[in-house]
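Enquirer: got a sequence here, can you build the structure:
(3 chains)
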Amino acid sequence: MTNIDLLDGLNPSQKQAVSHIDGPLLMLAGPGSGKTRVVTHRVGYMIQQGISPTSILALTFTNKAADEMRSRLHRLVGDVPVWMGTFHGFCVRLLRRYARLVGLPENFSIYDTDDALSVLKTALQAAQFSLTHVSLNTLAEKISFYKNRLVTPEQLQAEALSSDEHQISQIYPFYQQQLLKCGAVDFDDLLMHTAVMLRSSPALQAELDERFRYVMVDEYQDTNLAQYVILRHLCVRFPNLAATGDPDQSIYGWRGANLQNIAYLERDYPTVRIVRLEQNYRSTPEILAVADGLIQNNQYRKAKRLVPTRVPGTPVRLSVYATARREAEDIAEQIAAGVNAGQRHLRDYAVLYRTNAQSRLIEQGLQQRHMPYQVIGGYRFYLRREVKDLVAYLLLLNNPDDNVAFERVINTPPRGIGKQTLQKISQASLAQRLSMLAACRTMVAEKSLDKRALSGLTGFLKLFDTLSEYVHGSLVELIRTTIELTGYREYLAKQNSRDDRDADALANLDELLAEAADLDHSTDDGSPLESFLEYAALQGDLDKMQSDGDLVTLMTLHAAKGLEFPCVYIIALEENILPHQRSRDEPLGLEEERRLLFVGLTRAQDQLQLSYARRRGFRGQESPVIPSSFLMELPRDQMQRIDLSESSDEYSQDEFGVDDYNQAAPLWDDDPAQTVRATHDSHDYDTLDDVCQVAPDELDPHSINSTRSLMLASNLASTAANSSRYSPKLYCQGRIVCHPTYGSGRIIAASGLGPKRSVTVEFFSDGLRHTFRLSHVHLNIEEES
DNA sequence: ACTCGTAGCCTTTTT
DNA sequence: GGCTACGAGT
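Expert: Take a look at the predicted model:
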């Protein structure tokens, strides 16, 4: 690496940023400005200059960003021991070592949002707080808000001024106390405890300041006050703080992200060098013009340029559809056409939306055409019930004070311990100031319970003690033993025999074991159990995204930040969706929504389509929509508008008032002959199977495990679906099927995957519709004449 | 104590 | 439209 000139091939501002090593630095990096390149080159350059890699700390917002940075740096200069990770991960490591400074045990548990909610519930009881005027979620959000602002329970109690603050101050201390009792932290605590620790312990602050002489932060615009305080304390004697950010891409205000942090940086580090990266290497000028036109509408914004460097391409398109279903179908068809024409791969395409729920229709559209895809985000693996149950056993083994884990596992699988017994345990634990597990032990010793509960508890304690012996061994061994001794597999089978997520749940257990095996083998420092628990708590599905497979990518606009794709679709540009309804409550909400769309627009390299539907279903009810007000802010004269909604009824509203853009415009791809293929006849897509390398129908379900690491859970589902008698290919819209009692009919709707797949059939005999789960009813396919 | 049914919430976005 | 949490019934 010593001979590479890391300044080579950079533009002047990039060079400035890379070669600025000592002293504070703020990089205002627009989208597609080669920011990651600059950051990695900078680290490489620092190492070349003789700076020790272990004195460099690079913090990111997501695991995905950290991984990306790590692999780019690896390619550039090989393996170097630079600390790269998320804020939360960094805080966990610090807190594990210095936990006692903030009154935590070293083996503290990390609670996700669900766990935190159940802690809040117990806290409400302890505080005798009645939930008449606020919802649990609202309370949780408000507590989170204060934590992000570094307001401790004590401070809030002392300073509560408004009635709102007063209300929270009645519950927040109880919540925090409950967490401490469990030896647990929530996500916000990771930051808050660390910040408080650094602030109150000058010795530790000085030590870490010295240890991490060079600190870098990515996505600085998304940091909150707690994060700023952490950074500030790491950069006092050695103020070598390099922050990268783009105020126009700040989209986490709802999580306490504070754009003010940029101002704080300038205030606290007056000598800060500010470098602007404005050249855009990603997108065509057409795309940038639209993005720029939009973001200009933000009032609270520092003027910033988007300077195109690419040659002109195709215009940005705005498509209008009659319904959301048509929108999904047309997008799937367009992608199919692009792939069929040999111009594109499936991996070149991304469909972006505002809320996770909106992936469903797109998924259906792609499924009907047998096109593989990956959905990023949504339900996370570690949030699935069976996974959480097992992780709870591990949490309790690691931290016997963890009452949330205790309550989760004490009667899972059922062992005769019900509400009554649980209440007694809880009372005893409260009275004797013991953890619930410890309280159990005394109760069993005193035999102060009825026979059934007593035998159940005795069994549980014995189980726990047996499992405890495995804690320091291999993870796989521990998890496998837990599954065996609890009879969890049998429990699942019994649970699901009538429900039918059987296969899914069992597959998840295997997935869990596989992940454990990975961790067993990559034995880094510390106990494998704790690394696993940390991994389970802080790893999102986002990180599993694969960029090497050939798949269409579906994700939210938030998840798309930092990524780029040749072809991007942004759907549902409709009022109350984008901008989202709830953004109206916040005074700056609309501006953040606009930035969110800006992020989406600037993901596209070559082609970009925005769309809305005149009618869209919401909670089962389809109704007319109002086009997004953002559409009116775009430079329409430079865009191509295509109206594919055949009839405009009196409900439909046009985003431009008058329908004068309604000319029949050509589609994206230059060769019109190619686009003609995108018809509604689904038989055309059978040829796609070769192109897309869909798993064949007869795929052996057992082979799924071997390719496990390459596939997302969602993908597993669709592969499994193809492999079974629930194949979406067989049971799709339009098929004629025969039901044992109702006779013949046509499938008019289908949804779900695998054993969950259900179809709605309209029967020829009486015209009535019935919905079936394919796992319950066998429907014979009839050939159409 | 466990099972089944349904009412009500939900859906912003993530560590 | 789907999940979940709670309540009534066994």
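Enquirer: show the average pLDDT along stretch A:116-125.
Expert: Mean pLDDT, computed over stretch A:116-125, is 86.
Enquirer: can you name the residue of the stretch 501-650 of chain A nearest DNA strand C?
Expert: A:Gly620 (3.2 Å; C-beta to the nearest atom of the strand). C-beta: built from backbone N, CA, C; applies to glycine.
Enquirer: which ones are touching that residue?
Expert: Applying C-beta atoms under 8 Å, 6 or more residues apart in numbering to A:Gly620 gives no contacts.
Enquirer: got a pLDDT number for it?
Expert: For A:Gly620, the model assigns a pLDDT of 72.
Enquirer: likewise A:Asp660?
Expert: 36.
Enquirer: cool, A:Leu716 as well?
Expert: In this model, A:Leu716 carries a pLDDT of 26.
Enquirer: same deal with A:Val444?
Expert: pLDDT, A:Val444: 87.
Enquirer: next one: the one 5 residues further on
Expert: On the pLDDT scale, A:Leu449 is placed at 78.
Enquirer: how many neighbours does the nearest residue to it once chain neighbours are set aside have?
Expert: Distance criterion C-beta to C-beta, 6 or more residues apart in numbering; nearest residue to A:Leu449, sequence neighbours excluded, is A:Met443 at 6.0 Å. For A:Met443, the count of nearby residues is 20 (other C-beta atoms under 10 Å).
Enquirer: give me the element A:Met443 is part of.
Expert: For A:Met443, the host element (DSSP states H and E) is helix A:436-446.
Enquirer: would you mind getting the angle between the following helix or strand past that helix and helix A:436-446?
Expert: Where DSSP H and E defines the elements, the next helix or strand beyond helix A:436-446 is helix A:451-468. Put simply, helix A:451-468 runs at 120 degrees to helix A:436-446, going by axes from the mean of the first three to the mean of the last three C-alpha atoms, to 10 degrees.
Enquirer: what's next to helix A:451-468, contact-wise?
Expert: Against helix A:451-468 from outside (C-beta under 8 Å, 6+ apart): A:393, A:396-397, A:410-411, A:415-418, A:420-421, A:437, A:440-441, A:443-444, A:447, A:449, A:478, A:481-482, A:485-486.
Enquirer: does DNA strand C sit close to it?
Expert: No: on the criterion C-beta under 7 Å from any atom of the strand, helix A:451-468 is out of touch with DNA strand C, staying 14.5 Å away.
Enquirer: just the CA trace of that helix, in CSV.
Expert: The C-alpha coordinates for helix A:451-468 follow below in CSV (Å, rounded to 0.1, in the frame of the first residue of the first chain):
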residue,chain,number,x,y,z
LYS,A,451,-48.3,-28.5,43.3
ARG,A,452,-48.6,-27.8,39.6
ALA,A,453,-46.8,-24.5,39.6
LEU,A,454,-44.2,-25.9,42.0
SER,A,455,-43.3,-28.7,39.8
GLY,A,456,-43.2,-26.4,36.8
LEU,A,457,-40.9,-24.0,38.5
THR,A,458,-38.7,-26.8,39.8
GLY,A,459,-38.3,-28.1,36.3
PHE,A,460,-37.5,-24.7,35.0
LEU,A,461,-34.8,-24.0,37.6
LYS,A,462,-33.3,-27.4,36.9
LEU,A,463,-33.3,-26.6,33.2
PHE,A,464,-31.7,-23.2,33.8
ASP,A,465,-28.9,-24.7,35.9
THR,A,466,-28.2,-27.4,33.4
LEU,A,467,-28.0,-24.8,30.6
SER,A,468,-25.8,-22.6,32.7
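Enquirer: return the distance of that helix from the chain's centre.
Expert: Remark: helix A:451-468 is offset 37 Å from the chain centroid, using C-alpha atoms, centre = their mean, to the nearest Å.
Enquirer: may I see the buried residues of that helix?
Expert: A:Ala453, A:Leu454, A:Gly456, A:Leu457, A:Phe460, A:Leu463, A:Phe464, A:Leu467 (16 or more other C-beta atoms under 10 Å).
Enquirer: stretch A:20-38 too?
Expert: A:20, A:24-38.
Enquirer: taking these together, which two end up most distant?
Expert: A:Pro24 and A:Gly32 (25.0 Å; C-beta to C-beta).
Enquirer: just checking: what are the partner strands of the helix or strand A:Leu352 falls within?
Expert: A:Leu352 is part of strand A:349-353, with elements assigned from DSSP H and E. Each strand that pairs with strand A:349-353, with its direction, by DSSP bridges: strand A:552-556 (parallel), strand A:565-570 (parallel).
Enquirer: want to throw the ones you listed into TSV with distance to DNA strand C?
Expert: Output for the strands paired with strand A:349-353, formatted as TSV (distance: least, C-beta to the nearest atom of the strand, whole Å):
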stretch	distance to DNA strand C
strand A:552-556	17
strand A:565-570	23
